[in-house]
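Engineer: Whatever this is, show me its structure:
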Amino acid sequence: MTKTTLLRTALAGTALTLIAGMAQADSACLITKTDTNPFFVKMKEGAEAKAAELGLELKSYAGRIDGDHESQVSAIEACIADGAKGILITASDTKAIVDSVQAARDAGLLVIALDTPLDPIDAADATFATDNFKAGELIGQWAKATMGDKAAEAKIALLDLAISQPSVDVLRDQGFLQGFGVELGDPQKWGDETDPRIVGHEVTSGNEEGGLKAMETLLAQDPDINLVYTINEPAAAGAYEALKAVGREKDVLIVSVDGGCPGVQNVKDGVIGATSQQYPLDMASKGIEAIAAFAKDGTKPAATEGKDFTDTGVQLVTDKPVEGVESIDSAKGAELCWG
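Structural biologist: From the prediction side, this is the model:
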């Protein structure tokens, strides 16, 4: 064998080794509800940064709109076929997705729910999320204290997410109502409350257009609405535009959840009275770390003590603090915001 032949053989062996090494690189999937909401954009950024740091290949998928369950099912199937080590998912339909999630787990993937717990919560291996009930409760408590004696005569509009009532939708809504002092019906769903102060629930798909239409619908039912709960800040922005169109933007209190930079700016500008800030980058980063650990030695993440999920934190952001409800102002919220 000539030296040239030996060299070629050595180079070919090296190339095959490199290709084999590349083929063995572990991968993870991120499946979000959409790829346009700033919350999910920041979540993707966190996942990408941590995956690059840990040497994981990340494949990202998203629904066309919030509620696009079928696209999420297809994404899970693709992740299984690709041999991914784990999936991070914010489920659009927390009940309907369970069978697909179980198929992934049966195939040996670690499945972590981000932000939105599955129904039941143990359908996923773990959940990394804001305490969404607490997030709702904080804005409910703040609204009640802010309105004072007028809370007894409140006329409440609730702008929710979807007819399917995913867990995040229910938790925030019911947390808000409990914080405000409304007696709940079945806390596993919204819409069965009997408190006469509730004008109604309408769904928004979590976007500004949906918030505007939902607010218009509820104002048609009762033009004297004076308190508006919204599932997130895009919906709150739409509600504000509907109120502004009828000259009510100055005398209606709006509360929300998310803590994105546009939402915090709306707190500063007086559009939103208070919002509960959550931290999507941390959720995604910790999720990728968990998949990397699972790929290495099969370790699964543990929940926060006393809870059935890993709590990634929540803080109330308002420039009008009230006694008994801990909060940060919009300046601090802007330092911590996303989007």
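Engineer: how much space between the spatially most central residue of the chain and residue 46?
Structural biologist: Nearest to the geometric centre of the chain sits residue 115, at 4.0 Å (CA atoms, centre = their mean). Plainly put, residue 115 is 12 Å away from residue 46 if you go by CB to CB, to the nearest Å. C-beta coordinates here come from the backbone N, C-alpha and C atoms, glycine included.
Engineer: Quick check: neighbours shared by these two?
Structural biologist: 280, 283 (CB atoms under 8 Å, 6 or more residues apart in numbering).
Engineer: gap between stretch 35-49 and the chain center?
Structural biologist: 11 Å (CA atoms, centre = their mean, to the nearest Å).
Engineer: buried residues in it?
Structural biologist: 37, 38, 39, 40, 41, 42, 43, 44, 45, 46, 47, 48 (16 or more other CB atoms under 10 Å).
Engineer: I'd assumed residue 62 was in contact with the fourth one.
Structural biologist: This points to residue 40. Yes: the criterion here is CB atoms under 8 Å, and residue 40 meets it with residue 62 at 6.8 Å.
Engineer: overlap in contacts of these two?
Structural biologist: Shared contacts of residue 40 and residue 62 (CB under 8 Å, 6+ apart): 32, 33, 34.
Engineer: can you give me the helices for the stretch 1-150 of the chain?
Structural biologist: Using DSSP state H, counting those that start in this stretch, the helices of the stretch 1-150 of the chain run over residues 3-23, 38-54, 69-81, 98-106, 132-147.
Engineer: Indicate which one of these is closest to residue 209.
Structural biologist: Closest approach to residue 209 among these (CB to CB): helix 38-54, 15.8 Å.
Engineer: Check which helices and strands that closest one is in contact with.
Structural biologist: strand 27-32, strand 57-62, helix 280-297 (3 or more CB pairs under 8 Å, 6 or more residues apart in numbering; DSSP states H and E).
Engineer: Dihedrals phi and psi, the residue nearest to residue 140 when sequence neighbours are not counted?
Structural biologist: Spatial nearest neighbour of residue 140, chain neighbours left out: residue 179 (2.4 Å); criterion: CB to CB, 6 or more residues apart in numbering. With angles defined as degrees, to the nearest 10, residue 179 sits at phi -60, psi -30.
Engineer: for residue 179, what are its contacts?
Structural biologist: 136, 137, 138, 139, 140, 141, 142, 143, 144.
Engineer: likewise residue 62?
Structural biologist: 31, 32, 33, 34, 35, 40, 71.
Engineer: looking at these, which has the most residues close by?
Structural biologist: Of all those, the highest neighbour tally under other CB atoms under 10 Å goes to residue 33, namely 32 neighbours.
Engineer: any low-confidence regions in the stretch 201-339 of the chain?
Structural biologist: Confidence mapping of the stretch 201-339 of the chain against pLDDT under 70 gives the ranges 339.
Engineer: quick one: the strands in it?
Structural biologist: 227-230, 253-258, 274-277, 310-311, 315-317 (DSSP state E, counting those that start in this stretch).
Engineer: With respect to residue 129, which of those strands lies nearest?
Structural biologist: strand 310-311 (7.3 Å).
Engineer: okay but residue 181 is in contact with residue 151, surely?
Structural biologist: Yes: between residue 181 and residue 151 there is a contact under CB under 8 Å: 7.0 Å.
Engineer: Can you check which residues contact both of those two?
Structural biologist: In contact with both residue 181 and residue 151: residue 144, using CB under 8 Å, 6+ apart.
Engineer: Now do the nearest residue to residue 212 once chain neighbours are set aside against residue 110, distance only.
Structural biologist: Counting by CB to CB, 6+ apart, residue 238 is the residue found nearest to residue 212 once chain neighbours are left out, at 3.7 Å. For residue 238, the distance to residue 110 (CB to CB) stands at 37 Å.
Engineer: again, but for residue 177
Structural biologist: Applying CB to CB, the value for residue 177 to residue 110 is 35 Å.
Engineer: do the same with residue 97
Structural biologist: Residue 97 is 16 Å from residue 110, by CB to CB.
Engineer: Go through stretch 193-210 and flag the buried ones.
Structural biologist: For stretch 193-210, using 16+ other CB under 10 Å, the buried residues are 193, 197-199, 201-208, 210.
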